[in-house]
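Peer 1: model this:
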Amino acid sequence: MADRIVRAISTDGMVQAAAICSRDLTERARQIHKTLPVATAALGRALAAASMMGNALKSDGASLTLQFKGGGPLGTVLAVSDNEGYVRGYVTNPHTDLPLRPDGKLDVGGAVGHEGTLTVIKDLHMKEPYVGTIDLLGGEIAEDVAGYFVESEQIPTACALGVLVDRDQSVKSAGGYLIQLMPGAGEDTIAKVEGGVMAAGPVSAILEQNDDPEALLRTVMSDFDLKILETCPVSYKCYCSRQRVERALISLGKSELEQMLAEQGGCQLTCQFCDAVYDFSADDLRALIAGL
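Peer 2: Residues are numbered from 1 along each chain as shown. I've put the predicted structure just below:
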């Protein structure tokens with residue numbers, strides 16, 4: 001089944017939720033960046049979270065960026081989503097390899113690191129983007145995302161994210177959910193959400209059996225009557241183009257381009273999100289300089 005996001009609300013209006021199946025987009029990211037399993041898991045979790053959060057923005061042209069800097073061997077984990085949930089991202093060190101944790105799971109927290117920050121950037125095409133930064137809670141991605149909502153937006157949130165990597169290092173299942181309490185939700189609602197989360201178990205195992213995000217939500221929120229609001233297709237999508245790269249070069253200014261021409265006789269730029277390579281010859285640089 002193709003990747004998609006499902007949004008729902010409880011019929012009593014006290015809980016809103018989103019769930020995503022993101023196996024294909026995570027596998028696409030793995031193939032582009034040639035990530036080893038622990039990097040695949042970290043990036044896949046970040047992509048799923050960014051996609052759900054970006055999809056919630058709804059204003060045309062808006063974007064959302066998640067940036068994890070935990071001081072671990074992966075370096076920066078970055079994921080960017082547009083307002084429809086189409087997402088892209090990278091890790092600084094995709095070939096990071098760590099021993100499994102004692103429980104046999106991939107050590108995402110150890111790879112991301114525990115001492116650092118999660119920064120969330122929402123660009124809503126206002127004068128300034130909204131930027132919120134919190135200290136990482138553990139580097140496992142999901143608990144850090146939930147911590148961001150509680151700390152920066154004062155929204156009690158349950159978040160679970162999972163990536164199951166197969167023996168051949170391909171992605172077997174991936175996805176997650178965000179469950180958020182609405183103003184006025186009481187202790188009984190909180191208890192029902194917590195009970196459902198505990199009873200459901202790991203996300204990746206649920207999605208391995210059934211990769212339907214609506215079924216995932218109904219499993220985790222079995223104590224609630226849910227109204228499905230919308231279902232949206234999502235995928236890994238990069239917006240780079242030669243024109244955008246040209247604009248980036250022009251922004252360097254005439255003197256820097258002239259220095260590049262003199263020292264290198266041209267340049268080659270690689271998109272960090274999709275690994276597309278853009279070659280600019282000496283004549284190309286001269287034309288950009290002449291245009292300035």
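
Peer 1: looking at this, K122 is in a strand?
Peer 2: Yes - assessed with DSSP: H, G, I helix; E, B strand; the rest coil, K122 lies in a strand.

Peer 1: all helices of this structure, in order?
Peer 2: 23-33, 37-55, 108-112, 142-152, 187-200, 203-209, 213-220, 242-251, 254-264, 282-291 (DSSP state H).

Peer 1: what's the closest of the ones you listed to K172?
Peer 2: Of all the helices of the chain, it is helix 203-209 that lies closest to K172, at 6.1 Å by C-beta to C-beta. Where you see a C-beta, it was placed from the backbone N, CA and C, and this is true even at glycine.

Peer 1: Only alpha carbons, please: show that closest one as PDB.
Peer 2: What follows is helix 203-209, C-alpha atoms only, in PDB (Å, rounded to 0.1, in the frame of the first residue of the first chain):
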ATOM      1  CA  VAL A 203       4.700   0.800  15.800                       C
ATOM      2  CA  SER A 204       7.000  -1.000  13.400                       C
ATOM      3  CA  ALA A 205       5.500  -4.400  14.500                       C
ATOM      4  CA  ILE A 206       1.900  -3.100  13.900                       C
ATOM      5  CA  LEU A 207       2.800  -1.800  10.500                       C
ATOM      6  CA  GLU A 208       4.700  -4.900   9.500                       C
ATOM      7  CA  GLN A 209       1.400  -6.800  10.000                       C
END
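
Peer 1: And that helix, what's buried?
Peer 2: V203, S204, I206, L207, E208 (16 or more other C-beta atoms under 10 Å).

Peer 1: what do you get for stretch 221-232?
Peer 2: In stretch 221-232, counting by 16+ other C-beta under 10 Å, buried: M221, F224, L226, C232.

Peer 1: got it, and stretch 284-292?
Peer 2: Buried residues in stretch 284-292 (16+ other C-beta under 10 Å): D284, L285, L288, I289.

Peer 1: Same check on stretch 73-89?
Peer 2: 73-75, 77-89.

Peer 1: Please apply the same query to stretch 121-130.
Peer 2: Buried, per 16+ other C-beta under 10 Å, within stretch 121-130: K122, D123, L124.

Peer 1: So the first one sits against Y148, correct?
Peer 2: Right, K122. No - using C-beta atoms under 8 Å, K122 is not in contact with Y148; the gap is 11.4 Å.

Peer 1: So, low pLDDT: which residues of the protein?
Peer 2: For the chain, applying pLDDT under 70 flags no range at all.

Peer 1: Who are the packing partners of the strand ranked longest in it?
Peer 2: Across the chain, the longest stretch assigned as strand under DSSP state E is strand 171-181. Under the contact definition 3 or more C-beta pairs under 8 Å, 6 or more residues apart in numbering; DSSP states H and E, strand 171-181 sits against strand 15-21, helix 23-33, helix 37-55, helix 142-152, strand 157-165, helix 187-200, helix 203-209, helix 213-220.

Peer 1: I'd like to know how far the most centrally placed residue in the chain sits from A18.
Peer 2: Central residue of the chain (C-alpha atoms, centre = their mean): L47, 2.3 Å from the mean position. Counting by C-beta to C-beta, to the nearest Å, the gap between L47 and A18 amounts to 14 Å.

Peer 1: cool, and A79?
Peer 2: In this view, A79 and A18 are 16 Å apart by C-beta to C-beta.

Peer 1: Next: R286.
Peer 2: On the measure of C-beta to C-beta, R286 and A18 end up 50 Å apart.

Peer 1: what do you get for D283?
Peer 2: 49 Å.

Peer 1: the more surrounded of those two?
Peer 2: A18 (25 against 10; other C-beta atoms under 10 Å).

Peer 1: where's that one relative to Y86, distance?
Peer 2: 15 Å.

Peer 1: Quick one: closest of the helices of the chain to I5.
Peer 2: Evaluated over the helices of the chain, closeness to I5 peaks at helix 37-55, with 5.2 Å, by C-beta to C-beta.

Peer 1: Only alpha carbons, please: show the closest one as PDB.
Peer 2: C-alpha atoms of helix 37-55 as PDB (Å, rounded to 0.1, in the frame of the first residue of the first chain):
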ATOM      1  CA  PRO A  37      20.500   0.400   9.500                       C
ATOM      2  CA  VAL A  38      20.900   2.700  12.500                       C
ATOM      3  CA  ALA A  39      21.000   5.700  10.200                       C
ATOM      4  CA  THR A  40      18.100   4.400   8.200                       C
ATOM      5  CA  ALA A  41      16.100   4.100  11.400                       C
ATOM      6  CA  ALA A  42      17.000   7.600  12.700                       C
ATOM      7  CA  LEU A  43      16.300   9.300   9.400                       C
ATOM      8  CA  GLY A  44      13.100   7.300   8.800                       C
ATOM      9  CA  ARG A  45      11.700   8.300  12.100                       C
ATOM     10  CA  ALA A  46      12.600  12.000  11.500                       C
ATOM     11  CA  LEU A  47      11.000  11.900   8.000                       C
ATOM     12  CA  ALA A  48       7.800  10.400   9.400                       C
ATOM     13  CA  ALA A  49       7.500  13.000  12.100                       C
ATOM     14  CA  ALA A  50       8.300  15.900   9.800                       C
ATOM     15  CA  SER A  51       5.800  14.600   7.300                       C
ATOM     16  CA  MET A  52       2.900  14.500   9.800                       C
ATOM     17  CA  MET A  53       3.900  17.900  11.300                       C
ATOM     18  CA  GLY A  54       4.300  19.600   7.900                       C
ATOM     19  CA  ASN A  55       1.000  18.100   6.600                       C
END
